[in-house]
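Q: Pasting the sequence and the predicted coordinates here, then a few questions.
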Amino acid sequence: IHNAIRDYLGERGGNKLDLLEIGGGVGDLAYWIVKLQRIAVGTYTIVDLPIVNVMQGYFLSKALGASRVGLYGEPAKEGASMVILPTVAINSITNRDFDVLINENSMPEMSEEIVENYVRFAKNHVTGIFFSYNHEAYSVVYGRPQVLVPEVVARVKGFQRLSRHASWVRSGYVEETYKIVDRPVN
C-alpha cells in the first residue's frame, strides 16, 4: 500500500491522506499503517460487518488509545483519526471523499452486488487509488462462484488498472492498484 501510494499519488502521497478500508477484519492492517507512519494518515475509516466492528473497536482502542477511535453512533471525538462504521452506514459518508480505498481479503467472499456497490461508491468518493489484495482461486464460495474484483471493476467502468502482481507472499493472491479516471461530476 505504501509503495502504491508513493508510486501513484506522487506529491499528494506526502500529505495527510484519508483512507477507507472495506472489510478491515480485526483492524490489524489499520493498526500497522498508522503505527509504522510510512503513510501520513488524516483519517482511517473502516467499514465492516457490525459484529466485526466490535472487535475492531476493542482492538484499535486498546492498541492506539480510545481517544483516537470513533465508533458508529458516538458523538464525534476531537482527535479521533480512526473511524469504525457498520456496512449499513456507508451512505452516511457520501458527503466526503477519500484518497485511498483499500480492500484486502474480503471482496471475493461478498456477493457480486455488494462488491459492485462498493466499487461504485469508490468511483464517486475516491479521488486517488483503489488498492485490492485478494485471492483469485476461482472457487465456489457459499454455493456461488467467487467474485473476482477485476471483473467487477471492468463492469462498473471508469477505472484504469495501474498495476497487477501475483503475491509473492500468498499463493493465489493478486495485488492490484486502480485509479478512478471517469469520476461522475456531482
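A: Arrived safely. Here the structure is a predicted model, which means the values were calculated and not measured.
Q: hey, which strand is longest across this structure?
A: strand 126-135 (DSSP state E).
Q: pLDDT of that one, averaged?
A: Taken as a whole, strand 126-135 has an average pLDDT of 95.
Q: where does this protein have low pLDDT?
A: Under the criterion pLDDT under 70, the flagged ranges of the chain are 13-14, 141-142, 185-186.
Q: can you pull out the helices in it?
A: Assigned by DSSP state H, the helices in the chain fall at 2-9, 28-36, 50-64, 112-125, 149-156.
Q: Give the other helices and strands that the second one contacts.
A: In other words, helix 28-36. Contacts defined by 3 or more C-beta pairs under 8 Å, 6 or more residues apart in numbering; DSSP states H and E place helix 28-36 against strand 17-22, strand 41-48, helix 50-64. To be clear about C-beta, it is placed using only N, CA and C from the backbone, and glycine gets the same treatment.
Q: Equivalent analysis for the longest one, please.
A: Secondary structure elements in contact with helix 50-64, counted by 3+ C-beta pairs under 8 Å, 6+ apart, are helix 28-36, strand 41-48, strand 69-71, strand 82-86.
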